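>>> any chance you could fold what I've pasted below:
(2 chains)
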Amino acid sequence: NAGVTQTPKFQVLKTGQSMTLQCAQDMNHNSMYWYRQDPGMGLRLIYYSASEGTTDKGEVPNGYNVSRLNKREFSLRLESAAPSQTSVYFCASSEAPGSYEQYFGPGTRLTVT
Amino acid sequence: GQQLNQSPQSMFIQEGEDVSMNCTSSSIFNTWLWYKQDPGEGPVLLIALYKAGELTSNGRLTAQFGITRKDSFLNISASIPSDVGIYFCACLRTYKYIFGTGTRLKVLA
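Modelled structure (predicted):
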């Protein structure tokens, strides 16, 4: 089992460009999450999907959209990238909403110039 | 937004020393979690705490859920070089996790 996989691993965008970060899990988990990690800020929740077909905003959703494509996949889209979105993005999954064990992917390092 | 404050922010220790770090909140939480993040990787759960006053061990790690439900600490005994990384506390509110700002640990061999 690969666990949680994320693509790409690194990305550089120019201001105003768009892109989609992909996340997939093979653990048959119901819940999936997107976080961003900035220096000195810990991890902040962007969006989450408690179960297939549902998505909800987290702490910092502005500038992002998500799609729960199916039970395995949860994508994060930046429609018009801004330098403030330079960050490391982590996808995570858990068996159920609020299940204490979250499994994280390896992260995507995004730089917006 | 809700914040969890971790201290210290960073620490250098000698191999073999014991380490202590803590996490505090202005709000009450019923679940406290401790994660470790290795360089270039995602966080991995170390210990989960569910009951005020609870003390839980996982090998050389010991964590306690504060009696007020507003704090928690993590101890690492006899540190080794692979303990290097960032340690995060996290709390669960409804379906959302709130993470602390992290304690960066560096172990000197």
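>>> pLDDT value on the closest residue to chain B within chain A, please?
Here the residue of chain A nearest chain B is A:Phe104; by CB to the nearest CB that distance is 2.9 Å. From N, CA and C alone the C-beta is placed, and that goes for glycine too. A:Phe104 is assigned 95 on the pLDDT scale.
>>> count the neighbours of it for me.
By other CB atoms under 10 Å in any protein chain shown, the residues close to A:Phe104 number 22.
>>> in terms of helices and strands, where is the residue positioned nearest the centre of chain A?
The residue lying closest to the centre of chain A (CA atoms, centre = their mean) is A:Trp34, at 2.9 Å. Secondary structure assignment for A:Trp34, by DSSP states H and E: strand A:31-38.
>>> may I have that strand exported as CSV, CA atoms only?
This file holds the C-alpha atoms of strand A:31-38, laid out as CSV (Å, rounded to 0.1, in the frame of the first residue of the first chain):
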residue,chain,number,x,y,z
SER,A,31,-12.3,11.5,5.2
MET,A,32,-9.6,13.6,3.4
TYR,A,33,-8.0,16.9,4.2
TRP,A,34,-5.8,19.6,2.7
TYR,A,35,-3.4,21.6,4.9
ARG,A,36,-0.8,24.3,4.2
GLN,A,37,2.3,24.6,6.3
ASP,A,38,4.2,27.9,6.6
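>>> what are the buried residues along that strand?
A:Ser31, A:Met32, A:Tyr33, A:Trp34, A:Tyr35, A:Arg36, A:Gln37 (16 or more other CB atoms under 10 Å in any protein chain shown).
>>> helix or strand next in line after the helix or strand harbouring A:Ser75, which one?
Here A:Ser75 sits within strand A:74-78, counting by DSSP H and E. Counting by DSSP H and E, the next helix or strand C-terminal to strand A:74-78 is strand A:87-94.
>>> hmm, who's touching the helix or strand following that next one?
Downstream of strand A:87-94, the first helix or strand assigned by DSSP H and E is strand A:103-104. Strand A:103-104 is contacted by residues A:3-4, A:25, A:27, A:29, A:90-94, B:41-44 when judged by CB atoms under 8 Å, 6 or more residues apart in numbering or on different chains.
>>> again, but for stretch A:49-56
The contact list for stretch A:49-56, computed with CB under 8 Å, 6+ apart, reads A:30-33, A:47-48, A:66-68, A:70-71, A:74, A:97, B:95.
>>> who's the residue nearest to the centre of chain A bridged to?
Counting by DSSP bridges, A:Trp34 forms beta bridges with A:Tyr47, A:Cys91.
>>> circling back: just the contacts of stretch A:49-56 now: which is nearest A:Thr20?
A:Ser67 (8.4 Å; CB to CB).
>>> pLDDT below threshold where in the chain?
Answering for chain A, as no chain was given. Along chain A, the model assigns pLDDT under 70 to residues A:1.
>>> hmm, no, I was thinking of chain B.
By pLDDT under 70, the weakly predicted segments of chain B are B:1-2.
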